[in-house]
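Enquirer: One predicted model, sequence on top.
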Amino acid sequence: MFSNAYHKKTDDPQPDEHIPLVRLDDAGYSRGSGASNGGGSVLEQMKHVERQKEDVLDDMESAVDRLGFIATTIREEVTEQVDMLEELDTEIDEGSQKMSATMKKVTKLLGTSDRGRLGCILGLVVINVVLIFIIVFF
């Protein structure tokens with residue numbers, strides 16, 4: 001991820017992104033000439049390079065500040081969403097408990113337990129047999 005951004009930056013340089021390196025030999029400075037021939041221009045170039053470094057540092061500082069602000073915003077958003085998820089989890093637990101209690105009450109009301117049904121069916125069969133016996137023989 002970072003390597004792609006790095007390669008993109010080096011493949012497509014912007015003029016303001018690079019600080020030119022100054023070699024003292026290329027700036028017209030020679031060892032025997034002293035400060036009067038080229039010393040002023042070397043000093044000016046050094047000051048220029050120093051200003052460019054300061055500009056780059058200022059840009060980096062503002063970028064770090066922006067990243068800090070973004071990180072803080074993301075942290076706050078994540079904290080809010082965690083709170084919302086915890087609240088939702090609590091509500092779902094409460095709803096599940098209420099649903100379970102309601103289902104137990106409905107089961108009890110309808111009498112849908114297997115033992116109750118079996119007992120009821122056997123009792124009705126016995127009553128039917130007794131009634132048929134009474135009707136047929138009396």
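Expert: Sure thing, it's come through.

Enquirer: can we go C-alpha only for contacts and neighbour counts from here?
Expert: OK.

Enquirer: pLDDT value on residue 54, please?
Expert: Per-residue confidence (pLDDT) for residue 54: 93.

Enquirer: the helices in the chain, which residues?
Expert: 2-11, 35-110, 114-137 (DSSP state H).

Enquirer: Can you pull out the low-pLDDT segments for this structure?
Expert: Scanning the chain for pLDDT under 70 picks out 1-40, 109-114.

Enquirer: hmm, back to that, right, so the helices of the chain: which one is the most enclosed?
Expert: Across the helices of the chain, the average number of neighbours (mean count of other C-alpha atoms under 10 Å) peaks for helix 35-110, which reaches a mean of 12.

Enquirer: Kindly provide the distance from residue 119 to residue 126.
Expert: Relative to residue 126, residue 119 is positioned 11 Å away (C-alpha to C-alpha, to the nearest Å).

Enquirer: now residue 47
Expert: Counting by C-alpha to C-alpha - residue 47 and residue 126 are separated by 113 Å.

Enquirer: swap in residue 74?
Expert: Using C-alpha to C-alpha, residue 74 is found at 74 Å from residue 126.

Enquirer: same question, residue 61
Expert: Using C-alpha to C-alpha, residue 61 is found at 93 Å from residue 126.

Enquirer: next one: residue 77
Expert: From residue 77 across to residue 126, the span is 70 Å (C-alpha to C-alpha).

Enquirer: can you check residue 89 too?
Expert: Per C-alpha to C-alpha, residue 89 is found 52 Å from residue 126.

Enquirer: Over to residue 91?
Expert: Distance of residue 91 to residue 126, given as C-alpha to C-alpha: 50 Å.

Enquirer: I'd like the distance between residue 54 and residue 63.
Expert: Residue 54 is 14 Å from residue 63, where distance means C-alpha to C-alpha.
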